[in-house]
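> Quick one, what's the 3D model for this:
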Amino acid sequence: MNESYRLGEQSIIAYLQRLANGASTAELDVAALPTELRAVGEQLQKTFAILEQEHQLLERSAHIDSLTNLGNRNALHRYADLLWRKGTPFTCAYIDIDHLKHCNDTFGHAEGNRYILRICRALTETMEHDDLLFRIGGDEFVLVSPMADEAELEQRLERTRTDLIEATSDGKAPMVASFSFGCSRVDPLAGDSRRQMTMDADRKMYRYKLMHRVQQPKEDDAPMRPVVEQPPCNERVFQAISMSSETRYPFIINLDTGESQWSINAVRDFDLPSQHPFNSLDMWLARVHPEDRDNVRTELDMVVNGTWHFHYMQYRVMNTAGKYALCDCTGYRLDGTDTEPNMYVGIIINRSLADTTDSVTGLGDIHALVNAIGEMRRVTRRAGLIAIKIDDIAKVNARFSFDAGDRVLAESAACLMDCSRGKGRLFRSTGPMFVALFDNFDPEETDAIADEIERFLGSPVLFGSFEYQPPLRVATLHLDAVDRQPVSILNELNALIKDAPQVPGTKLD
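Here you go, the predicted structure:
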């Protein structure tokens, strides 16, 4: 073997090694090879070029939606990873095409694809510099904007949706084009998680869809379906859901007929007359604590008459044992159509049984507080938060025992419940700190309750013959809308309570 041939073989081997190590720019100088190896070198180059082209096609198919040429779910995950590594705050919008299944079923999948592309073009036209749009499912898009805040992105999408509806309402298009959306501002450096981002924007989108559903025009010869008289829920499915958790009670109420369906657990735990009672709203209100009843009745009346479509409130309800259980009650109003009744659907969480209940005070714990703040991001309403910190609990524990410290916290929680009068949701945040959360409260109302807490919360506690009055701090936070993640809001509340003046109590030094 001559030296030229040996060097040529080494060049080919080195070329193959660079390719094996992932070098996409590896080159082989075929002209420099000996004559007997040039055909081999040329064939290797052609093979690599074909493989590289196929790799690029596979890479594209893994991250590009074939219909719209937008990034797909994998591309969104990759972009989100980049944003989190950089710590860049951004706003995302979860977008869901309205009535795509109706379009596919009525006009065929070809028309469904044209409907998707129409929505895609409209969303693309509303994008600004640095915005990115992804199609993550059949009827789902995500728009990510590093520059716009929630309000700005919502305004842009609302204008786009309005223009779409107007452009397709003249009867020339097969159906009225529209979409629903929900926006969420995310700050990775503030502790926001990708799961929070997804849940918050998706819940807002779902709520928007409930409140802004566009009815499609009926064909003249389309048969009318009979009005649904029973709640639209399969009995076996409803029972499977209702039995899945001892602490959660789903319900469905037909607002037109008064018929309803409740879980077996709710019947058992709250002594309901049956699973299908009539006039169940009145039946439920009769079990609500008298001090909370007027506030609950006011909110439910607004849901019944269509003023509000979303209800989320914490109050006390009498259980089968004749004691009042603290419950979180969440419900949506579904507006009826010519063939469907007005419905009220939701779920009730029994905090006296839930695993997010603090064992000392019976209030929701920090996990319940984070969930409650997250829920409030779905509605654009004012919120008031009151933080209360009981000072010197460590000294009480050291001097009198941990049972004494727990007693101070338990009596403070009972006093907080009296001061809030059922209007707010109460939580033991961490250690000796409580948080009261008020939905749609004016700052003046929140401040008035905070003043009352300062006056009455420090009531004396007797340890034998020793009378102890706990010192405390109270701070309030007013929000025009809950537009941040819970961690960011709680961090601000913690900073406020540290700077709040102390309401003095008994000194244990």
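> From what I see, Pro89 and Asp187 are in contact.
Yes: using Cβ atoms under 8 Å, Pro89 is in contact with Asp187, at 4.2 Å. From N, CA and C alone the C-beta is placed, and that goes for glycine too.
> Which helix or strand lies directly C-terminal to the helix-or-strand element of the chain with minimal mean pLDDT?
The helix or strand of the chain with the poorest confidence is helix 235-242; it has a mean of 58 (mean pLDDT, DSSP states H and E). Reading on from helix 235-242 to the C-terminus, the next helix or strand found by DSSP states H and E is strand 248-254.
> Quick one: name whatever helix or strand follows that next one.
Following strand 248-254 toward the C-terminus (DSSP H and E): strand 260-262.
> low-scoring stretches of the stretch 1-150 of the chain, by residue?
1-3, 5-9, 15-16, 18-27, 29-30, 32, 35-36, 41, 48-61 (pLDDT under 70).
> can you map out the strands along it?
90-97, 132-135, 140-145 (DSSP state E, counting those that start in this stretch).
> Ok, which of those strands comes nearest Ser11?
Each of the strands of the stretch 1-150 of the chain was scored for nearness to Ser11 using Cβ to Cβ, and the closest is strand 132-135 (43.3 Å).
> Redo the strands of the stretch 1-150 of the chain as TSV? Include mean neighbour count and distance to Asn265.
Compiled in TSV, those are given as follows (neighbours: other Cβ atoms under 10 Å; distance: least, Cβ to Cβ, whole Å):
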stretch	mean neighbour count	distance to Asn265
strand 90-97	24	31
strand 132-135	22	40
strand 140-145	23	33
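> Mind checking those strands for the one nearest to Ser274?
Closest of the strands of the stretch 1-150 of the chain to Ser274 is strand 90-97, at 36.5 Å (criterion: Cβ to Cβ).
> who's in contact with Val482?
Val482 sits next to 373, 376-377, 379, 383, 489 when contact means Cβ atoms under 8 Å, 6 or more residues apart in numbering.
> re the thing from before, so can I have CSV of the strands of the stretch 1-150 of the chain showing distance to Asn104?
CSV is the format used below for the strands of the stretch 1-150 of the chain (distance: least, Cβ to Cβ, whole Å):
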stretch, distance to Asn104
strand 90-97, 11
strand 132-135, 16
strand 140-145, 15
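> Of those, give the one that comes closest to Asp447.
Of all these, strand 90-97 comes closest under Cβ to Cβ, at 31.2 Å.
> Direction included, what does the closest one pair against?
Paired neighbours of strand 90-97 in the sheet (DSSP bridges): strand 140-145 (antiparallel), strand 179-186 (antiparallel).
> closest one to Ser412 among the ones you listed?
Across the strands paired with strand 90-97, closest to Ser412 is strand 179-186 (Cβ to Cβ), at 34.3 Å.
> what does stretch 136-155 contact?
Here stretch 136-155 makes contact (Cβ under 8 Å, 6+ apart) with 70, 72-73, 76, 79, 83, 88-97, 100-101, 116, 119-120, 123, 127-135, 156-157, 179, 181, 183-185, 483.
> what secondary structure does Ile386 sit in?
Here Ile386 is recorded as strand under DSSP: H, G, I helix; E, B strand; the rest coil.
> So it versus Arg473, what's the distance?
Distance, Ile386 to Arg473, using Cβ to Cβ, to the nearest Å: 11 Å.
> report the longest strand in the protein, please.
Counting residues, the longest strand found in the chain (DSSP state E) is strand 324-334.
> Buried residues in that strand, which are they?
Within strand 324-334, the residues scored as buried using 16 or more other Cβ atoms under 10 Å are 324-334.
> can those residues go into a markdown table with extra columns for pLDDT and distance to Val317?
Shown next, in a markdown table, are those (pLDDT from 0 to 100; distance: Cβ to Cβ, whole Å):
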| residue | pLDDT | distance to Val317 |
| --- | --- | --- |
| Tyr324 | 87 | 7 |
| Ala325 | 86 | 6 |
| Leu326 | 86 | 8 |
| Cys327 | 86 | 5 |
| Asp328 | 84 | 11 |
| Cys329 | 87 | 8 |
| Thr330 | 85 | 14 |
| Gly331 | 86 | 14 |
| Tyr332 | 87 | 20 |
| Arg333 | 88 | 21 |
| Leu334 | 87 | 23 |
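> now, which of these sits nearest Phe251?
Gly331 (7.8 Å).
> Hmm, Met318 is touching Arg287, no?
Yes: the pair Met318 / Arg287 is scored as a contact, 4.7 Å apart, by Cβ under 8 Å.
> Mutual contacts of those two, please.
Counting by Cβ under 8 Å, 6+ apart, the residues touching both Met318 and Arg287 are Phe270.
> I'd like to know which of the strands of the stretch 1-150 of the chain is closest to Gln261.
Of all those, strand 90-97 sits nearest to Gln261, with 26.7 Å by Cβ to Cβ.
> Show me what stretch 157-171 is in contact with.
So stretch 157-171 is contacted by 93, 95, 118-119, 122-123, 125-126, 143, 173, 175-179, 181, 183, 214, 217 (Cβ under 8 Å, 6+ apart).
> With stretch 390-410 instead?
Residues contacting stretch 390-410 (Cβ under 8 Å, 6+ apart): 360-362, 412, 428, 431-434, 461, 463, 468, 470-473, 502, 505, 508-509.
> at 7 Å instead, please
Stretch 390-410 is contacted from outside by 360-361, 412, 432, 461, 463, 470-473, 502, 508, using Cβ atoms under 7 Å, 6 or more residues apart in numbering.
> give me every residue that touches Ile13.
By Cβ under 7 Å, 6+ apart, the contact set of Ile13 is empty.
> how close does Thr124 sit to Thr68?
Distance from Thr124 to Thr68, counting by Cβ to Cβ: 9 Å.
> returning to what we had before: out of Ile386 and Arg473, which sits in the more crowded spot?
Neighbours around Ile386 and Arg473, counted as other Cβ atoms under 10 Å, are more numerous at Ile386. The numbers are 26 against 20.
> Got phi/psi on the residue nearest to the more buried one when sequence neighbours are not counted?
Spatial nearest neighbour of Ile386, excluding adjacent residues (Cβ to Cβ, 6 or more residues apart in numbering): Ala436 at 4.3 Å. Phi and psi for Ala436, reported as degrees, to the nearest 10, are phi -110, psi 130.
> Tell me, how many residues neighbour Leu472?
Leu472: 23 surrounding residues under other Cβ under 10 Å.
> Verify the contact between it and Ile388 for me.
Yes: if you go by Cβ atoms under 7 Å, Leu472 and Ile388 touch, sitting 6.2 Å apart.
> Quick check: neighbours shared by the two?
What both Leu472 and Ile388 touch, as defined by Cβ under 7 Å, 6+ apart, is the set Leu457.
> before we move on, the earlier item: where is pLDDT lowest across the contacts of Val482?
Minimum pLDDT for these is recorded at Val379 (69).
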